[in-house]
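K.L.:
Sequence first, predicted coordinates after that:
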Amino acid sequence: MTFRTSGPFPPLILDDIRGAQKMLSGVARTTGMEGSRHLTSLVGAPVHFKCENLQRTGSFKLRGAYVRIAGLSPVERAAGVVAASAGNHAQGVALASSLLGVRSTVFMPVGAPLPKVAATREYGAEVRLQGQVVDETLAAAQEYAEETGAVFIHPFDHPDIIAGQGTVGLEILEQCPEVRTIVVGIGGGGLAAGIAVAVKALRPDVRVVGVQAAGAAAFPPSLSAGHPVALGSVQTMADGIKVGRPGDLTFPLVQELVDEVRTVSEDELSSALLLCLERAKMVVEPAGASPVAALLSDPESFRGPVVAVLSGGNVDPLLMQRILTHGMVAAGRYLSLRLRLTDRPGALAAMLATLSVADANVLDISHVRTDPRLGLTEAEVELHLETKGPEHCAEVASALRAAGYLVRT
């Protein structure tokens, strides 16, 4: 079966992806498939994780990068390659180039997380920090390619890249032949397009659902318009799918083969990342958790068995800390509130005793006496509590109100 691409490239076919799979033998891992009992109970059918977060370099990006660089001519290889990325693509290009003996230069934004910069260097690339945002970094890489003759390795918009990512789809069909729905995050569209080409050629009955972060959802307006549309701005914690415009090659493939594109909020991404860590013991970056977020937001709408592609696990520890806190708040595991009490000895202890009876753990407390808005005998207390969920949050607030405190959340 042949699927169209636009531009000067030949149509992408299943044989291209099978050829990529042979090329990647011994290079990319055949990542495992793990079941999720929690999501299975919500969906009402088996749910499995395709664990590309455990791939070499921590994401699926190695697959496409290796196929693309391996396909270069000897002259092109001698000129070296250049890429622009904030993380996953950078590491994929760096390792693929090292394995193939090709010199690589990777441009990364000035604010790129230090662990990702260090990993890219350790994989053998020369790293240049340039640009405040990825668009500026991309322009710098393309300028470098024009000046030096190095081959620019696009993160998603090339047939070899799409074919390499499509090997994930072949593995899913081999590991879970009974699959009925595949859920995958979408940024520029390379992974979703590759999976869809492979899966629809062999199992056209399988439903492919793409997921975008609501703050970087370029595909819905593009699909409505019938052509790629650039967003005016993008804002999401999921940097792996933080792309403002679909690719010229990936868009028609997604348009033709992906059955549906959904969006998820930042709260849903945070909750999904927390679920992966707590329930599945998986370290997953926000982009990799986007399929889980979609499943959590509307579990009954997915026909099972379902495979959710955990596309990457490269998350900066500081960002992870913030995301987990955000996820705990979204899940009702933290409660922040303010209340006023009489400024007299024992008043604070009495309030804490009320919280103890309500089984709320105090994480942080701030006691203010000097605010001009307070009465002469008043003090305000700001509390950050660890709770057991939304119902427990409501119970704690009710207990404080019942004890006579004016509570503001």
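P.N.:
Happy to help now that I have it.
K.L.:
Report the helix or strand with the lowest average pLDDT across the chain.
P.N.:
Counting by mean pLDDT, DSSP states H and E, the chain has its least confident helix or strand at strand 2-3, which shows a mean of 56.
K.L.:
For residue 145, list the residues it contacts.
P.N.:
82, 151, 152 (C-beta atoms under 8 Å, 6 or more residues apart in numbering). C-beta: built from backbone N, CA, C; applies to glycine.
K.L.:
Highest neighbour count among those residues?
P.N.:
residue 82 (27 neighbours; other C-beta atoms under 10 Å).
K.L.:
sec struct for it, please.
P.N.:
When classified by DSSP: H, G, I helix; E, B strand; the rest coil, residue 82 comes out as strand.
K.L.:
Any buried residues in the longest helix along the chain, and which?
P.N.:
The longest helix of the chain (DSSP state H) is helix 159-175. Within helix 159-175, the residues that qualify as buried are 159-173, counting by 16 or more other C-beta atoms under 10 Å.
K.L.:
quick one: contacts for residue 289?
P.N.:
238, 269, 272, 273, 275, 276, 310.
K.L.:
Quickly find the element holding the fifth one.
P.N.:
With elements delineated by DSSP states H and E, residue 275 resides in helix 266-278, which encompasses its position.
K.L.:
So which residue is dead centre in this structure?
P.N.:
residue 287 (0.6 Å; C-alpha atoms, centre = their mean).
K.L.:
Read off the pLDDT value for it.
P.N.:
pLDDT recorded at residue 287 is 93.
K.L.:
following the one helix or strand residue 147 maps to, which helix or strand shows up next?
P.N.:
When secondary structure is defined by DSSP H and E, residue 147 falls within helix 134-148. Next in sequence after helix 134-148, counting helices and strands by DSSP H and E, comes strand 151-152.
K.L.:
sorry, back to before: did I read that right, the residue nearest to the centre of the chain in a helix?
P.N.:
No. Counting by three-state DSSP, one finds residue 287 to be coil, located in no helix.
K.L.:
Backbone dihedrals for it, please?
P.N.:
Torsion angles at residue 287 (phi, psi; degrees, to the nearest 10) stand at phi -60, psi -40.
K.L.:
Could you check how far it is from residue 227?
P.N.:
24 Å (C-beta to C-beta, to the nearest Å).
K.L.:
what does residue 361 give?
P.N.:
From residue 361 to residue 227 the distance is 53 Å (C-beta to C-beta).
K.L.:
and if you look at residue 160?
P.N.:
Distance from residue 160 to residue 227, by C-beta to C-beta: 24 Å.
K.L.:
what residue ranges in the stretch 51-200 of the chain score low on pLDDT?
P.N.:
Counting by pLDDT under 70, the ranges of the stretch 51-200 of the chain that qualify are 133.
K.L.:
what about the helices in it?
P.N.:
Per DSSP state H, counting those that start in this stretch, the stretch 51-200 of the chain carries helices over the ranges 61-70, 74-79, 88-100, 114-122, 134-148, 159-175, 190-202.
K.L.:
Distance from the chain centre to the longest one, please.
P.N.:
When you say that, I think you mean helix 159-175. Relative to its parent chain, helix 159-175 has a centroid offset of 19 Å by C-alpha atoms, centre = their mean, to the nearest Å.
K.L.:
how much does that helix deviate in direction from helix 88-100?
P.N.:
Helix 159-175 runs at 90 degrees relative to helix 88-100, counting by axes from the mean of the first three to the mean of the last three C-alpha atoms, to 10 degrees.
K.L.:
Between helix 190-202 and helix 159-175, find me the angle.
P.N.:
Going by the same axes, to 10 degrees, helix 159-175 makes 60 degrees with helix 190-202.
K.L.:
do the same with the fifth one
P.N.:
Our comparison of helix 134-148 with helix 190-202, counting by the same axes, to 10 degrees, yields an angle of 90 degrees.
K.L.:
So which bits of helix 134-148 are buried?
P.N.:
Applying 16+ other C-beta under 10 Å to helix 134-148 flags 134, 137, 138, 140, 141, 144, 145 as buried.
K.L.:
tell me which element residue 401 falls in.
P.N.:
Per DSSP H and E: helix 390-402 holds residue 401.
K.L.:
average pLDDT for that helix?
P.N.:
Rounded mean pLDDT across helix 390-402 is 87.
K.L.:
which strands and helices sit next to it?
P.N.:
Where contact means 3 or more C-beta pairs under 8 Å, 6 or more residues apart in numbering; DSSP states H and E, helix 390-402 is packed against strand 334-342, helix 347-357, strand 406-408.
K.L.:
For the second one, C-alpha coordinates in CSV please.
P.N.:
To tie it back to what came earlier, the one meant is helix 347-357. Output of helix 347-357 as CSV, limited to C-alpha atoms (Å, rounded to 0.1, in the frame of the first residue of the first chain):
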residue,chain,number,x,y,z
ALA,A,347,-4.7,29.6,69.0
LEU,A,348,-2.2,28.2,66.4
ALA,A,349,-2.0,24.9,68.4
ALA,A,350,-5.8,24.6,68.5
MET,A,351,-6.0,25.1,64.7
LEU,A,352,-3.3,22.5,64.1
ALA,A,353,-5.1,20.1,66.4
THR,A,354,-8.2,20.4,64.1
LEU,A,355,-6.0,19.6,61.1
SER,A,356,-4.6,16.6,63.0
VAL,A,357,-8.1,15.2,63.7
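K.L.:
Perfect, that will be all.
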